[in-house]
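Participant: how does the following fold in three dimensions:
(4 chains)
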Number of protein chains: 2
Amino acid sequence: MVTIKDIAKKIGVSYTTVSRALNGKPGVSQATVEKVLKEAQKMGYQPNAIARGLVKKSTNTIGLVIGDITNPYFPAIARGVEDAAKKVGYNVFLCNTNYDKDNEKSYLKTLEEQRVDGIIINPAKDDVANMYDVKTPMVMINSPSYTGNHSTIEVDNAKGGFLATKHLIEAGYKRIAFIGGDFVSYVNERRVEGYKRALRQYNYLVDEKIIVYGSFKTKSGYTLTEKLLKSENPPDAVVAGNDLIALGVLHCVEDYGYHVPDDFGVVGFDNVDFSELPQIQLTTIDQPKYYIGKLAFEILMEEIKHKEERFVKKIVLEPELVVRKTTRIR
Amino acid sequence: MVTIKDIAKKIGVSYTTVSRALNGKPGVSQATVEKVLKEAQKMGYQPNAIARGLVKKSTNTIGLVIGDITNPYFPAIARGVEDAAKKVGYNVFLCNTNYDKDNEKSYLKTLEEQRVDGIIINPAKDDVANMYDVKTPMVMINSPSYTGNHSTIEVDNAKGGFLATKHLIEAGYKRIAFIGGDFVSYVNERRVEGYKRALRQYNYLVDEKIIVYGSFKTKSGYTLTEKLLKSENPPDAVVAGNDLIALGVLHCVEDYGYHVPDDFGVVGFDNVDFSELPQIQLTTIDQPKYYIGKLAFEILMEEIKHKEERFVKKIVLEPELVVRKTTRIR
DNA sequence: ATGAAAGCGCTAACAC
DNA sequence: GTGTTAGCGCTTTCAT
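Facilitator: I've put the predicted structure just below:
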């Protein structure tokens, strides 16, 4: 690998000069700059970001830690942060925890060892332990900062849950279940909260027997639905913890001979790409995924730049009900 | 940030000793090791991978360059790579090119600047220019190595195209179109090749008018189908370039009042997660995505370890037809 | 068993 | 406009 020293030697200047020329710093004659650039090109010089990082104490790199790359929700966010990052010459390390706390911890450690300038994280669960000793600037998505040290971005999940439930109620469904993801998940809690609020507001019974949790995956949605359907007093509608779960619900419900939306209603959460497919047409709660990613990056940049006198922000975005074909309208 | 010097000072040994203790190298008394470890823990020491990378000339990091993180095909591969990497303490940088050559080039450059130990790439298009000057060990997915310098992994795309087409023919469809992704894509070419071979073998007419290209996205699938449907002699079946495209085809075909699979057949390619959804049930060509990722990483590791006397491999995996509900059986 | 010193490739004072 | 030097945090000889 060719270094600036090689170039310097070749054209007979000090390697400082080469460094300056390469970085467009003042104090080098136009002639030398040109010579350096030409020679660098010719020798196939590749700057060493590692060495630069060592002295600059900054790597122009951030980490993005997400729960499940297989859930289109996260790629959508990732696109937002990537695009924003690219614009200012930043690179992003994408880390997939598979909602596992140990994975998360190990990724966080690695990221700090790699000296990323900042981290955007969608915490795996709401156990806060992993976050305590992170010294790198970090902004959190879909999670409160229990330590109060980090800015957060989230959609108003309670409102989303409320909107979803209200919609189902107004459509005339009578017994509305909630099928969530991980039990210890903040977004889940908030969504249930909104769900319950809606039920109460419309004088529906809040029945803990039809509020169930599993994981944020399609399979879990299927299994839990099956259990509910086989129970004594099965629901005729479901508010799902996310769109993946909703998919599982739909599948199961159809397997059991129900007809959606006529005798069973389903609403999801996230409004992921596939939800608008004509074959699916899932009624769901939309959140501005790309924008969340973009915003997260911008806030992170703020914090990186003003590490000392930074302001911790809590940003709450508006969710929006998108009515499609898995709920009847009347 | 605390460094090994800090902890050396604290317990009164040289920092060399600390380094040795931390890395479990021989030549340090058990007592000192324990003292060091304890102090490191207490002071919250985080090794600096950047500094280490500088001297070791290796970063325990690889780059994974893919076309579209939004296509579940790639996350599936990414999972395979990640899991394999994690097992040996490697990290992976995920880069999303959006099938853009400039993005790809810039990511490749960044990756080399960051001195990743290796790269796994699914080239954006088959313009080979970007690959020429990559000096880092690299293995390619779904693309031949035109320079002959890199190992490659691919599914037998021609066979896949053949299988898909043969299946459609045997199901009795009469006029089978091919709706591909990017025109200049290797996998496309191979898939078309298999498609044509099947047609010929069964004495079907190969009609270039119903062989069309766009991009590997759902929307493109829709648009192209629409055009075909409106043409003079519309097809009654489609071999799609991938599952995303197939989705677009299905959508369009239904919009135009066709009934799948009775009067229109569709087969996709990749067997992405959503294809098995009950609402979709896409007949498609499966490829072992997770395994491809795993294998790619393992081969890359081989090459990293034996940089000098490495063997360029070309690995071709078997595709498999998965018959579901978008093609009739008879 | 431990330490001193060199050096990885680069940037940033500080001189001239 | 250019060069000298120190130093980023670490690993690795080479001494002792």
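
Participant: how about the residues of the stretch 1-150 of chain A near DNA strand D?
Facilitator: Selection of the stretch 1-150 of chain A residues close to DNA strand D by Cβ under 7 Å from any atom of the strand yields A:12-17, A:20, A:26-29, A:31-32, A:51, A:54-55, A:57. Every C-beta, even on glycine, is put in place using the N, C-alpha and C of the backbone.

Participant: how does it look with 6 Å?
Facilitator: A:Val13, A:Ser14, A:Thr16, A:Thr17, A:Gly27, A:Val28, A:Ser29, A:Thr32, A:Leu54, A:Val55 (Cβ under 6 Å from any atom of the strand).

Participant: just give me the neighbour total for A:Thr147.
Facilitator: Per other Cβ atoms under 10 Å in any protein chain shown, the neighbour tally for A:Thr147 reads 11.

Participant: er, A:Lys307 actually
Facilitator: Neighbour count for A:Lys307, taken as other Cβ under 10 Å: 12.

Participant: helix, strand or coil for it?
Facilitator: coil (DSSP: H, G, I helix; E, B strand; the rest coil).

Participant: would you agree it is in contact with A:Thr136?
Facilitator: No. A:Lys307 is beyond contact range of A:Thr136, at 9.9 Å (criterion: Cβ atoms under 8 Å).

Participant: re the thing from before, looking at the residues of the stretch 1-150 of chain A next to DNA strand D, which are in helices?
Facilitator: Assigned to helices by DSSP state H, the following of those qualify: A:Thr16, A:Thr17, A:Thr32, A:Leu54, A:Val55.

Participant: quick one: what helix or strand has A:Ala296 in it?
Facilitator: Secondary-structure element containing A:Ala296, defined by DSSP states H and E: helix A:289-305.

Participant: how about that helix and chain B, any contact?
Facilitator: No. Helix A:289-305 is not in contact with chain B by Cβ under 8 Å from any Cβ of the partner chain; minimum separation 10.7 Å.

Participant: now do that helix: which elements does it pack against?
Facilitator: In terms of contacts (3 or more Cβ pairs under 8 Å, 6 or more residues apart in numbering or on different chains; DSSP states H and E), helix A:289-305 is packed against helix A:73-87, strand A:118-121, strand A:138-141, strand A:151-155, strand A:314-317.

Participant: redo that, cut-off 10 Å
Facilitator: strand A:61-66, helix A:73-87, strand A:118-121, strand A:138-141, strand A:151-155, strand A:314-317 (3 or more Cβ pairs under 10 Å, 6 or more residues apart in numbering or on different chains; DSSP states H and E).

Participant: and it with helix A:73-87, angle?
Facilitator: Computed by axes from the mean of the first three to the mean of the last three Cα atoms, to 10 degrees, the angle separating helix A:289-305 from helix A:73-87 equals 50 degrees.

Participant: just want the residue of the stretch 101-250 of chain A that's nearest chain B.
Facilitator: At 4.1 Å from chain B, A:Glu113 is the closest residue in the stretch 101-250 of chain A, using Cβ to the nearest Cβ.

Participant: need the pLDDT of A:Gly180.
Facilitator: Reported pLDDT at A:Gly180 in the predicted model: 97.

Participant: can you tell me which residues contact the nearest residue to it once chain neighbours are set aside?
Facilitator: Nearest residue to A:Gly180, sequence neighbours excluded (Cβ to Cβ, 6 or more residues apart in numbering or on different chains): A:Gly241, at 3.9 Å. By Cβ atoms under 10 Å, 6 or more residues apart in numbering or on different chains, the residues touching A:Gly241 are A:161, A:178-182, A:185, A:187-188, A:191-192, A:212-217, A:220-221, A:224, A:249, A:268-270.

Participant: at 8 Å what do you get?
Facilitator: Counting by Cβ atoms under 8 Å, 6 or more residues apart in numbering or on different chains, A:Gly241 touches A:Phe178, A:Ile179, A:Gly180, A:Gly181, A:Ser185, A:Val187, A:Asn188, A:Arg191, A:Tyr213, A:Phe216, A:Phe269.

Participant: out of these, who's the most crowded?
Facilitator: Neighbour counts for the contacts of A:Gly241, by other Cβ under 10 Å, peak at A:Phe269, which reaches 33 neighbours.

Participant: quick check on that one: phi, psi?
Facilitator: When read as degrees, to the nearest 10, the backbone of A:Phe269 gives phi -150, psi 130.

Participant: repeat that for A:Glu189.
Facilitator: Torsion angles at A:Glu189 (phi, psi; degrees, to the nearest 10) stand at phi -60, psi -50.

Participant: burial count for it?
Facilitator: 15.

Participant: check the one 10 residues further on too.
Facilitator: Residue neighbour count, defined by other Cβ under 10 Å, stands at 21 for A:Leu199.

Participant: excluding chain neighbours, what is closest to it?
Facilitator: Nearest-residue entry for A:Leu199: A:Val206, 5.1 Å, with adjacent residues in sequence omitted and distances by Cβ to Cβ, 6+ apart.
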